[in-house]
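Visitor: mind looking at a prediction? Sequence and model below.
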Number of protein chains: 2
Amino acid sequence: MQSLKTADEMEVAFGQQLRELRLRRNIDQRQLAGQAGVALNAVKNLENGKGATLTSLVKVLRALERADWLETLAPTVEISPMQLLKTRQQRQRASKQRGPTHA
Amino acid sequence: MQSLKTADEMEVAFGQQLRELRLRRNIDQRQLAGQAGVALNAVKNLENGKGATLTSLVKVLRALERADWLETLAPTVEISPMQLLKTRQQRQRASKQRGPTHA
DNA sequence: ACTTAGTAGACCTAAAATAGTCTACTCATA
DNA sequence: TATGAGTAGACTATTTTAGGTCTACTAAGT
């Protein structure tokens, strides 16, 4: 077992965090929706984990001034400029998959 | 001006991070889709910032073992147990909005 | 305790995403 | 450089979400 929560549960938990951010600013869902440029229902869906689009999430995060969070997903690998010259560029594709046990 | 990128641009940049995570594992989109339990198109949408659902994102993050990231959105406010007794419970709603300049 | 603002839930229509399949392009590797 | 795996893009059908509105419930303020 790796993840304790189901995907659905995680969406709900995530929505609670969104709500937390909103409440810290003490604005209601209607205001947030207005500032984010989305429908009130979109905010409801997000906060209640009912299913939402990534677009709505991004707009809401911008309104909450937490859009920077989106950039913290993939920790950037630091490479020294000198190394950059030697190293070949980053992969753009996954490499060929080897057949299971050669077969 | 607050955010440098538009919402669309942010989705694209976010998709690039997702791709980065996948490439580090050296798996292709098809495999990731399979492991995540979503359609190949869903992964494409996510990585290319074409628009996707939060549900798809969560499933993909689980497959990438980065689901924990979802819990880092709202920094939890620490309160000492003693303080908890005194403090009144957290807000569950936004407070009444005051009319603009009393009017 | 009363009142009312804030939120949940249901309903509808339009818009958008998912899933599945096929074609075309291109990076990686032999 | 020739081959083929990996990805993008288009297409259709189906499912889901956005957006708008209305009703009901409930936490907050008075």
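Guide: Yes, it's here.
Visitor: what's the separation between whatever residue of chain A ends up closest to DNA strand D and residue B:57?
Guide: With C-beta to the nearest atom of the strand, the shortest gap between chain A and DNA strand D falls at residue A:51, namely 1.8 Å. C-betas here are computed from N, CA, C, even on glycine. For residue A:51, the distance to residue B:57 equals 11 Å [C-beta to C-beta, to the nearest Å].
Visitor: over to residue A:13?
Guide: Noted for residue A:13: a distance of 14 Å to residue B:57, by C-beta to C-beta.
Visitor: swap in residue A:45?
Guide: From residue A:45 across to residue B:57, the span is 14 Å (C-beta to C-beta).
Visitor: just give me the neighbour total for the spatially closest residue to residue A:91 that is not a sequence neighbour.
Guide: Residue nearest to residue A:91 in three dimensions, not counting chain neighbours: residue B:23, with 5.0 Å by C-beta to C-beta, 6 or more residues apart in numbering or on different chains. By the measure other C-beta atoms under 10 Å in any protein chain shown, the count of residues near residue B:23 is 17.
Visitor: run through the residues that contact residue B:23.
Guide: Taking C-beta atoms under 8 Å, 6 or more residues apart in numbering or on different chains, we find residue B:23 in contact with A:90, A:91, A:92, A:93, A:94.
Visitor: element containing the third one, please.
Guide: Residue A:92 belongs to no helix or strand when assigned by DSSP states H and E.
Visitor: mind checking the SS state of the closest residue to it other than its chain neighbours?
Guide: Leaving aside its sequence neighbours, residue A:92 sits nearest to residue B:23 (C-beta to C-beta, 6+ apart; 7.9 Å). When classified by DSSP: H, G, I helix; E, B strand; the rest coil, residue B:23 comes out as helix.
Visitor: and residue B:23, how far from residue B:11?
Guide: Distance from residue B:23 to residue B:11, counting by C-beta to C-beta: 19 Å.
Visitor: same check on residue A:15?
Guide: Applying C-beta to C-beta to residue A:15 and residue B:11 gives a distance of 19 Å.
Visitor: just residue A:44 next, same as before
Guide: Distance, residue A:44 to residue B:11, using C-beta to C-beta: 21 Å.
Visitor: okay, the two: which has more neighbours?
Guide: residue B:11 (25 against 14).
Visitor: just the buried residues of the helix or strand containing the more buried one, please?
Guide: Residue B:11 is part of helix B:7-25 when elements are defined by DSSP H and E. Judged by neighbour count (16 or more other C-beta atoms under 10 Å in any protein chain shown), helix B:7-25 contains these buried residues: B:7, B:10, B:11, B:14, B:15, B:17, B:18, B:19, B:20, B:21, B:22, B:23.
Visitor: per-residue pLDDT, the residue nearest to residue A:53 when sequence neighbours are not counted?
Guide: Ranked by C-beta to C-beta, 6+ apart and with sequence neighbours excluded, the top spatial neighbour of residue A:53 is residue B:53, at 5.8 Å. Residue B:53 is assigned 98 on the pLDDT scale.
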